[in-house]
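> my questions are about this predicted structure, shown below with the sequence.
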Amino acid sequence: MKIISINVIGMGGSVKRQYIKDIIWKEQVDMVCIQETKSRNLELALISSLWGSNDVGWVENEAHQNVGSLLTMWCCNSFELTSFINGANYSIVEGLWKERGRKPIIVVNVYGCRTLCEKSKA
């Protein structure tokens with residue numbers, strides 16, 4: 001299973017969305033953890049566009065006080081979600097890695113604030 005993590009510091013612009021899509025395609029990843037999306041209520045159309053197909057699952061954790069928004073996406077052929085937990089500045093996804101005989105796996109997507117001031121607000 002190939003997993004990558006990217007801090008995009010906002011993915012509202014088409015250049016950043018294309019960058020994410022290009023990395024997913026070029027690296028042929030099974031899962032991507034994105035920090036600081038600065039997006040809310042992501043829909044299947046945008047997620048599918050980023051992933052490059054409709055064979056995608058995802059968990060979104062919206063920003064707390066405009067800090068730490070997270071998006072975890074995966075290929076449904078590689079990973080089967082069984083549960084997830086969203087907390088302040090983290091998302092935990094638990095599931096089965098299908099390619100290795102349905103082995104249990106837990107992936108944590110974490111956003112670490114850049115300054116002590118931000119940490120005290122989170």
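Nice, I can see it. Numbers count the residues shown, from 1 in each chain.
> tell me the phi and psi of the nearest residue to residue 30 once chain neighbours are set aside?
Spatial nearest neighbour of residue 30, excluding adjacent residues (Cβ to Cβ, 6 or more residues apart in numbering): residue 78 at 3.9 Å. To be clear about C-beta, it is placed using only N, CA and C from the backbone, and glycine gets the same treatment. Backbone torsions of residue 78, given as degrees, to the nearest 10, read phi -100, psi -30.
> can you check which helix is longest in the chain?
The longest helix of the chain (DSSP state H) is helix 14-27.
> what comes up buried for that helix?
Neighbour-count burial for helix 14-27, counted by 16 or more other Cβ atoms under 10 Å, picks out 16, 20, 24.
> with stretch 73-82 instead?
73, 74, 75, 78, 79.
> now do the fourth one, the pLDDT please.
Note for residue 78: predicted pLDDT of 94.
> redo the buried residues of helix 14-27 as a markdown table? Include distance to residue 62 and pLDDT.
Formatted as a markdown table, these follow (distance: Cβ to Cβ, whole Å; pLDDT from 0 to 100):
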| residue | distance to residue 62 | pLDDT |
| --- | --- | --- |
| 16 | 18 | 83 |
| 20 | 18 | 88 |
| 24 | 22 | 90 |
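> kindly indicate which of the buried residues of stretch 73-82 lies nearest residue 29.
residue 75 (7.8 Å; Cβ to Cβ).
> isn't residue 1 up against residue 105?
Yes. When contacts are counted by Cβ atoms under 8 Å, residue 1 is listed as touching residue 105 (7.2 Å).
> shared neighbours, those two?
79, 97 (Cβ atoms under 8 Å, 6 or more residues apart in numbering).
> does residue 95 touch residue 82 like I think?
Yes. Contact status for residue 95 versus residue 82: in contact at 4.8 Å, counting by Cβ under 8 Å.
> how about the residue nearest to the spatial centre of the chain, phi and psi?
Central residue of the chain (Cα atoms, centre = their mean): residue 72, 2.0 Å from the mean position. When quoted as degrees, to the nearest 10, the phi and psi of residue 72 stand at phi -120, psi 120.
> thanks a lot, see you next time.
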